[in-house]
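In: following is a predicted model, sequence given first.
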Amino acid sequence: MADATAGSPLRPSLIVDDVHVHYRTFGGRRLPDGASWTSRLRRHVGAVDVVRAVQGVSFVAHHGESIGLIGHNGSGKSTLLRAIAGALPTAKGRIYADGTASLLGVNAALMRDLSGEANIVLGALALGLTPAQIRERYDDIVDLAGIGDFLHLPMRAYSSGMGARLRFAISTASRPDILMIDEALATGDAEFKQRSGERVAEIVEHAGTVLLVSHSMSTIRSMCDRVLWLDHGRLVADGPTAEVLEEYAERTGRPVARPTPRPKTPVS
């Protein structure tokens, strides 16, 4: 499938050039039934497996694009985002970013023993905001997180969804040039999903780039104008959202959300 951004007048914000990401696992090799106890012991002591999580992925993202990443669990989506954020080294290939790349949940250094209020300040400082900018955007962060009185409690009292919403609110307050979101929008109620969708649209409108990993095809369809499909670490398709989701449904047999047809206007 052709690149959806061919001929785009927007300048590139991110270039991923033939990127490979490998990592090692220890003691995970499967042994045949009936293997001796000494063989099983050696498995735990010295066995090393190399997992090729991302294999030769290349694409170019542009300022003002919202791009969804889809694929089965273990297809390399999250690993790719972590490599782009600089949290994982590449075994081969290059990544070039025009601006700040922020991976939701990695860049916000939050602490479970501190309150939501304190974590807003801590996380915003970690993202490079000045104290004046934090004061200016504090109410907006609180409104977007929507966690109510839990704001005054330690984060260890939060549900996983509440923690994800607070991280999203803090991370997007910095207006990053490239925002990467890994399943964070799967948590929360319909109201939060609407607010978070509006925030993503706001970032894109101001020439930011959004990379969104989600298993929710409705979220991908509503928020992304382009989709990358990864399978076993390889890029299978790259193109307009509707086209890639249709191909994904046809080749995997998995349902994808389709646009709700508009009601026909009655003829008077």
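Out: Looks like it came in fine.
In: and stretch 175-183, how far apart are its ends?
Out: End-to-end distance of stretch 175-183 (Cα to Cα, to the nearest Å): 19 Å.
In: that stretch - what's its average pLDDT?
Out: Stretch 175-183 comes out with an average pLDDT of 83.
In: repeat for stretch 251-268
Out: 58.
In: just use 286 as the starting number from now, easier for me
Out: Yep, numbering from 286; the last one is stretch 536-553 now.
In: for S400, phi and psi?
Out: phi -70, psi 170 (degrees, to the nearest 10).
In: tally of neighbours for it?
Out: Counted with other Cβ atoms under 10 Å, the neighbours of S400 add up to 16. Bear in mind the C-beta positions are built from the backbone N, C-alpha and C, glycine included.
In: which stretches in the stretch 436-553 of the chain count as strands?
Out: Here the stretch 436-553 of the chain has its strands, by DSSP state E, counting those that start in this stretch, at 463-467, 494-498, 511-516, 519-525.
In: parallel or antiparallel, which strands does the first one pair with?
Out: Here strand 463-467 is paired, per DSSP bridges, with strand 386-388 (parallel), strand 494-498 (parallel).
In: can I get those in a markdown table including mean neighbour count, distance to S298 and mean pLDDT?
Out: Formatted as a markdown table, those follow (neighbours: other Cβ atoms under 10 Å; distance: least, Cβ to Cβ, whole Å; pLDDT from 0 to 100):
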| stretch | mean neighbour count | distance to S298 | mean pLDDT |
| --- | --- | --- | --- |
| strand 386-388 | 22 | 9 | 83 |
| strand 494-498 | 25 | 4 | 91 |
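In: of those strands, which is nearest M440?
Out: strand 386-388 (18.8 Å; Cβ to Cβ).
In: which outside residues touch the closest one?
Out: 299, 366-367, 369-372, 412, 456, 459, 461-465, 467 (Cβ atoms under 8 Å, 6 or more residues apart in numbering).
In: out of these, grab the one that's most surrounded.
Out: Most surrounded of the contacts of strand 386-388: other Cβ under 10 Å gives M465, at 28 neighbours.
In: how close does it get to H500?
Out: M465 sits 16 Å away from H500, going by Cβ to Cβ, to the nearest Å.
In: next one: N358
Out: N358 is 8 Å from H500, by Cβ to Cβ.
In: again, but for G408
Out: For G408, the distance to H500 - Cβ to Cβ - is 26 Å.
In: so where's the stretch 336-485 of the chain uncertain?
Out: Along the stretch 336-485 of the chain, segments meeting pLDDT under 70 span 390-394, 469-474.
In: before we move on, back to that, put together CSV for the strands of the stretch 436-553 of the chain, with distance to V339 on each row.
Out: Below are the strands of the stretch 436-553 of the chain laid out as CSV (distance: least, Cβ to Cβ, whole Å):
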stretch, distance to V339
strand 463-467, 14
strand 494-498, 13
strand 511-516, 8
strand 519-525, 8
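In: higher neighbour count, G408 and H500?
Out: Per other Cβ under 10 Å, whichever of G408 and H500 has more neighbours is G408, with 26 against 14.
In: name the element that one belongs to?
Out: helix 401-411 (DSSP states H and E).
In: likewise for H305?
Out: strand 297-311.
In: same thing with A346?
Out: Per DSSP H and E: strand 333-347 holds A346.
In: that strand packs against which elements?
Out: Judged by 3 or more Cβ pairs under 8 Å, 6 or more residues apart in numbering; DSSP states H and E, strand 333-347 is in contact with strand 297-311, helix 362-369, strand 377-382, strand 494-498, strand 519-525.
In: among the strands of the stretch 436-553 of the chain, which is nearest F477?
Out: strand 463-467 (13.3 Å).
In: one step back: can you list the strands paired with strand 463-467 in JSON lines and add distance to Q418?
Out: Shown next, in JSON lines, are the strands paired with strand 463-467 (distance: least, Cβ to Cβ, whole Å):
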{"stretch": "strand 386-388", "distance to Q418": "15"}
{"stretch": "strand 494-498", "distance to Q418": "21"}
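In: just checking, H305 touches G341?
Out: Yes: counting by Cβ atoms under 8 Å, H305 does reach G341; the two are 6.1 Å apart.
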